[in-house]
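[1] give me a 3D structure for the following:
(2 chains)
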Amino acid sequence: MADSNLLKKQVPLYLVDGQVIKQGAEARVYRGKFLGRSVIIKERFPKLYRHPSLDEKLTRRRTAQEVRSILRCRRAGINAPVVYFVDHNTHCIFLEDIVHSVSVRDHIVSAQASGQDTEHLQTLADKIGQVLAQMHDEDVIHGDLTTSNMLLAGGAEQKNINLVMIDFGLSYISALPEDKGVDLYVLEKAFLSTHPNTETLFERLLKSYSASSKKAPVVMKKLDEVRLRGRKRSMIG
Amino acid sequence: MLRTQDLELFPEYTVTQLLFKNVKNATELRKMAVNGEIKGALINPSMVVDAFQVLVAANKAVHLHTIGKMKTRSLYSEIIFNLSPTNNISEAFKRFGISDSDSAVYFVLVHNKEETLNVDDIISKVDGEQIDVGQVSDMTNAAIIKKLYKVAPQEEKCGSLLDAVVCRMATKDVA
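    Residues are numbered from 1 along each chain as shown, chains lettered A, B, ... in the order given. Below you'll find the model as predicted:
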């Protein structure tokens, strides 16, 4: 029906006067209210450079995968924002807004700047390794592991670190050690480039990962292989 | 006592929730809901963890109704269906709707903001005692809910039972 097609092309009414907090190539993120609660709304807007039917299929699939991965993580006890509502028409996901939180990225940056807190950073690395091991044991590949996609709920000063994983937009389900190795490689690259002089901290993270997952040895081996394959590798010898 | 909530996504609609205990005419009420005399969804309170859970179900129902993609035949049956973790409609009614032997009833009504809802009319039809909607948490049968939604103890490490239930309701159609 022509009418419903027109309806689809409009920006959802509830987003027209919402506050955009981030815009990426894939989606726009808003903060808003939903049933009286503060929520994050992730809108996968139509990509006009794509063929419409392909765009629809792809966007629908991406939205579904994201939501499935979040549920799968939560079922295993891994903290991720609760999904409140999915609008499959406009491809919007309404998620719990983790108020009073700081990204791991910001925390590490400020901890390094102030020069204190190395003890706490060690514990943080342990926790991250442990959570990632849990996630990979559930065969959830995050796909975009960076310190900006990890939140410390309750602020940085918590005694018990409450780590929340966010942005499952590129995530998928896979049991392959290769995919898990690549996931860790992405984190390694992001970690070391965002936070200078943190090689030992990242090693501690990997050690914690190995200690927390039974399937870790195979994944570590794959990680080594991926490192050798990586970009800008010198092809001498 | 009763609770009203506007639907931010559907500004013309409001959701009103009421809770009754010591209800003696559950059979009658159910008939009235089915034949349209009572324009609302009647839910079994033991399956409700929190009013938010019901709001999420109502929001989804109104959304699907607006785009013409409901799975059931009416808005109210859709609300009950949305509460259920499975895609079996009759099972949803059996578990989440009220039965003749129920002594407590949770009412959900969806109406236009413009029309004033005749709440007294509904209250007069119920042979029971109206209590605050917040008291539904006293009636929650957490054990049955955990079993039905398959909530494992490990999931409760990252959130409440309400979080687990709402997440499943929201993702039912894709996973």
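[2] all helices for the chain, in order.
    Went with chain A since none was named. Here chain A has its helices, by DSSP state H, at A:2-9, A:13-16, A:52-75, A:104-114, A:118-137, A:177-194, A:199-212, A:216-229.
[3] that was the other one, I meant chain B.
    Using DSSP H, helices in chain B cover B:26-35, B:51-66, B:75-83, B:89-96, B:119-125, B:136-139, B:142-149, B:161-171.
[4] so the residue of chain B most remote from its centre versus A:Ser210, what's the distance?
    For chain B, the largest distance from the centre (Cα atoms, centre = their mean) belongs to B:Gln154, which lies 26.7 Å off. Using Cβ to Cβ, to the nearest Å, B:Gln154 is found at 21 Å from A:Ser210. No exception for glycine: its C-beta is placed from N, CA and C like everyone else's.
[5] so what's A:Asp137 up against?
    The contact partners of A:Asp137, by Cβ atoms under 8 Å, 6 or more residues apart in numbering or on different chains, come to A:76, A:213-215.
[6] under the pLDDT cut-off, which ranges of chain B? List them.
    In the predicted model, chain B carries no residue with pLDDT under 70.
[7] which parts of it sit against chain A?
    Contacts of chain B with chain A, taken as Cβ under 8 Å from any Cβ of the partner chain, map to B:5, B:7-9, B:52, B:55-56, B:59-60, B:63, B:67-68, B:152, B:154-155, B:157-159, B:163-164, B:166-168, B:170-171, B:173-175.
[8] which among those end up buried?
    For those, a burial check counting by 16 or more other Cβ atoms under 10 Å in any protein chain shown picks out B:5, B:7-9, B:52, B:55-56, B:59-60, B:63, B:155, B:158-159, B:163-164, B:166-168, B:170-171, B:173-174.
[9] isn't A:Lys207 right next to A:Gly129, touching?
    Yes - counting by Cβ atoms under 8 Å, A:Lys207 touches A:Gly129, with 6.9 Å between them.
[10] the two: which is more packed in?
    Remark: of A:Lys207 and A:Gly129, A:Gly129 carries more neighbours, 24 against 14, as counted by other Cβ atoms under 10 Å in any protein chain shown.
[11] what sits closest to the more buried one if chain neighbours are left out?
    Nearest residue to A:Gly129 in three dimensions, chain neighbours excluded: A:Ser208, at 2.8 Å (Cβ to Cβ, 6 or more residues apart in numbering or on different chains).
[12] isn't the one you found up against A:Gln134?
    No - contact criterion Cβ under 8 Å: A:Ser208 and A:Gln134 do not qualify, at 11.1 Å.
[13] which of these two has more residues huddled nearby?
    Just comparing A:Ser208 and A:Gln134: by other Cβ under 10 Å the higher neighbour count belongs to A:Ser208, 22 against 18.
[14] list the contacts for the more buried one?
    Contacts for A:Ser208 (Cβ under 8 Å, 6+ apart) come out as A:125-130, A:133.
[15] what pLDDT does it get?
    Looking at A:Ser208, its pLDDT stands at 96.
[16] interface residues of chain A facing chain B?
    Chain A comes close to chain B at residues A:4, A:7, A:12-14, A:32-37, A:63-64, A:67-68, A:70-72, A:74-80, A:82-89, A:94, A:96, as judged by Cβ under 8 Å from any Cβ.
[17] contact partners for the closest residue to A:Gln134 other than its chain neighbours?
    With Cβ to Cβ, 6+ apart as the criterion, A:Gln134 has its nearest non-adjacent residue at 5.5 Å, and that residue is A:Ile78. Contacts for A:Ile78 were tallied using Cβ under 8 Å, 6+ apart; they are A:131, A:134-135, A:138, A:140, A:165, B:158.
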